[in-house]
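**Q** Fold the following for me, if possible:
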Amino acid sequence: MRTKISKTLLAAAATVALYVPGAAFAAGSHEGGHGHAGAMAFGEPGQLSEAGRTIEIVMGDNYFESEKLVILAGETVRFVVKNEGEFLHEFNLGTTATHAEHQKEMMTMMEHGMLTATGVDKGMMKMDHGSTGMSGHVHDDPNSILVEPGKTLELVWKFAEATDLEFACNVPGHYDAGMMGEIEFAAPGTAGS
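**A** So this is what the prediction gives:
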């Protein structure tokens, strides 16, 4: 089942997210967070040459097509992610806990103008934000891509052992609106998206 949310509701949620009192967060990162290019408990960036298959993901306002992915432990997958919506969306692999932490960071980036409802201010992302408490907040997580409306990006990921994982959009308000899906680990020979 695919859930669509009206553009007006999404725009209102994005605007409200910008003005939530007390939502300023200290700079920092979670395990494998911003700026970490290494392995995480659930995997690491993969090499395109090692990808055993490609999974195409379509994002809209505010849904993913597919809502569930079946992956093999140890498998390297090339994700081709297309944003057919009118808003900025994220494809992020992680646990419920890492998504919760990442949502705080995304909120801070939005509050400081690095992200808008429809895009990324690449100039703001490159600036030194030490004076704003944003030092180190650059959206360069190896397990995540931000996809602007009408764009297609790729992410290659080598999954570790089976664990509880989700794929999600952590742009403020999107995860809460249901823009997430389950990753199920399958026995060898049974994987399929």
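
**Q** average pLDDT across stretch 44-59?
**A** Per-region confidence: stretch 44-59 scores 97 on mean pLDDT.

**Q** pull the CA atoms of stretch 50-65 into PDB?
**A** Extracted in PDB, the C-alpha atoms of stretch 50-65 (Å, rounded to 0.1, in the frame of the first residue of the first chain):
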ATOM      1  CA  GLU A  50      31.000  -6.200  -6.500                       C
ATOM      2  CA  ALA A  51      27.300  -5.400  -6.800                       C
ATOM      3  CA  GLY A  52      25.400  -8.600  -7.400                       C
ATOM      4  CA  ARG A  53      22.200  -6.800  -8.400                       C
ATOM      5  CA  THR A  54      20.500  -3.400  -8.800                       C
ATOM      6  CA  ILE A  55      17.400  -2.400  -7.000                       C
ATOM      7  CA  GLU A  56      15.500   0.500  -8.400                       C
ATOM      8  CA  ILE A  57      13.700   2.700  -5.800                       C
ATOM      9  CA  VAL A  58      11.100   5.400  -6.700                       C
ATOM     10  CA  MET A  59      10.400   8.100  -4.200                       C
ATOM     11  CA  GLY A  60       7.400  10.400  -4.300                       C
ATOM     12  CA  ASP A  61       5.700  12.800  -1.900                       C
ATOM     13  CA  ASN A  62       5.800  10.900   0.700                       C
ATOM     14  CA  TYR A  63       6.300   7.300  -0.200                       C
ATOM     15  CA  PHE A  64       8.800   4.700  -1.500                       C
ATOM     16  CA  GLU A  65       8.000   2.200  -4.200                       C
END
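
**Q** Pull out the buried residues from it.
**A** 51, 55, 57-64 (16 or more other Cβ atoms under 10 Å). Just so you know, the C-beta spots here come from the backbone N, C-alpha and C atoms, and that holds for glycine as well.

**Q** out of those residues, who's nearest residue 107?
**A** residue 62 (16.5 Å; Cβ to Cβ).

**Q** pLDDT below threshold where in the chain?
**A** Confidence mapping of the chain against pLDDT under 70 gives the ranges 1-39, 125-138, 189-193.

**Q** Let me see the ranges of the helices in it.
**A** Along the chain, the stretches classed as helices by DSSP state H are 7-18, 96-111, 122-126.

**Q** mind listing what's buried in the longest one?
**A** Along helix 96-111, the positions that meet the burial threshold by neighbour count (16+ other Cβ under 10 Å) are 98-99, 101-111.

**Q** what about residue 122, distance to residue 146?
**A** 11 Å (Cβ to Cβ, to the nearest Å).

**Q** Looking at the two, which is more packed in?
**A** Neighbour count, other Cβ atoms under 10 Å: between residue 122 and residue 146, residue 146 has more, with 25 against 8.

**Q** which residues does that one bridge with?
**A** Assessed by DSSP bridges, residue 146 has beta-bridge partners residue 90.
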